[in-house]
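Colleague: below: sequence and its predicted model.
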Amino acid sequence: EYMTVFENSKQEYINFFKKLKAKKFKKIIFVSENAKNIFDENYSELKEKTETIYNLIDYKEIIEKSKEEIKEKKENIYTFLNVGRHTEKDKKLSRIIEAAEKLKNNNLKFRIILVGDGADSEKYKNIVKEKKLREEIIFLGSKKNPYPYFKIADSLIMTSEYEGFPVVYIESLILGLPIITTNVSDSKKFIENKYGVVLEKNVDLIYNAMKKAIKNGIKNTEVFNCEKYNKEIKEKINK
């Protein structure tokens with residue numbers, strides 16, 4: 001929500017925290033480094049009070065839920081997965097569709113599975129139909145349990161304009177799925193050179209990253225340690 005407020009105007013952002021009486025708190029905790037930095041820029045006098053603590057994650061439940069049987073299977077075709085709300089303003093799924101059109105025009109074989117829905121779902125479906133991409137882009141709608149779809153994909157694809165800290169990053173790492181993402185929130189710090197590729201918000205760059213993935217694959221260079229991740233967060237909370 002802070003991002004929406006900040007987008008509207010700096011003054012509204014400042015007023016938002018004034019109403020919360022931010023100055024009276026002993027500590028102000030943010031769930032992403034990016035959110036903390038924006039606050040620090042606007043309230044430099046409260047810098048000493050701010051801290052970033054990521055959300056804890058129930059990795060055992062995610063692993064267990066990923067084992068649920070689904071009718072879609074892993075296929076011998078490179079598969080991108082996007083999980084999230086279908087709202088163009090922030091998620092910018094139009095970038096995925098435009099990149100997919102370029103990939104198809106270059107005779108590359110792939111599929112993109114979209115799990116989720118939202119205000120712009122029908123708009124996206126119409127564009128996909130117009131561009132004759134219905135075989136490549138598959139709309140599965142909202143799923144109570146999205147985790148089995150991580151197991152049939154080769155990488156996560158996110159083309160957002162802005163995010164808080166995407167929980168889907170952590171979910172992907174728990175299930176060993178590499179990430180292709182635009183530079184949002186803490187992606188540079190958290191993903192780059194470890195768990196995938198971080199790109200500027202440009203369709204050509206997204207297309208090139210997807211093309212490389214289809215041709216050569218993409219792998220994590222580090223193994224995500226779920227226990228260590230949660231342990232560090234718990235220590236910060238206890239402190």
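Modeller: Ah, there it is. Residues are numbered from 1 along each chain as shown.
Colleague: wait, is residue 113 part of a helix?
Modeller: No. Looking at residue 113 with DSSP: H, G, I helix; E, B strand; the rest coil, it is strand, so not inside a helix.
Colleague: check contacts around it.
Modeller: Residue 113 sits next to 72, 79, 80, 81, 82, 138, 140, 149, 152, 153 when contact means C-beta atoms under 8 Å, 6 or more residues apart in numbering. For glycine as for every other residue, the C-beta is placed from the backbone atoms N, C-alpha and C.
Colleague: can you do 10 Å?
Modeller: By C-beta atoms under 10 Å, 6 or more residues apart in numbering, the residues touching residue 113 are 72, 79-83, 137-140, 149-150, 152-153, 157.
Colleague: what's near enough to touch the most centrally placed residue in the chain?
Modeller: Centroid-nearest residue in the chain: residue 166, 4.7 Å away (criterion: C-alpha atoms, centre = their mean). Counting by C-beta under 10 Å, 6+ apart, residue 166 touches 32, 83-84, 156, 158, 160, 172, 179, 181, 184-187, 190-191.
Colleague: how about residue 141?
Modeller: Listed by C-beta under 10 Å, 6+ apart, the contact partners of residue 141 are 86, 114, 115, 116, 117, 121.
Colleague: helices of the chain, residue ranges please.
Modeller: Taking DSSP state H as the test, the helices found in the chain are 2-8, 10-19, 33-42, 59-65, 88-91, 94-105, 121-130, 147-151, 167-174, 187-190, 203-216, 226-238.
Colleague: from residue 206, how far out is residue 104?
Modeller: Distance of residue 104 to residue 206, given as C-beta to C-beta, to the nearest Å: 14 Å.
Colleague: who has more neighbours, the two?
Modeller: Set residue 104 next to residue 206 and count neighbours by other C-beta atoms under 10 Å: residue 206 wins out with 26 against 17.
Colleague: my guess is that one contacts residue 183. True?
Modeller: No. Counting by C-beta atoms under 10 Å, residue 206 stays clear of residue 183, with 11.4 Å between them.
Colleague: shared neighbours of the two, which are they?
Modeller: 199, 200.
Colleague: related to what we said a few turns ago, the contacts of residue 166 in strands, which ones?
Modeller: Among these, the members found in strands (DSSP state E) are 83, 156, 158, 179, 181.
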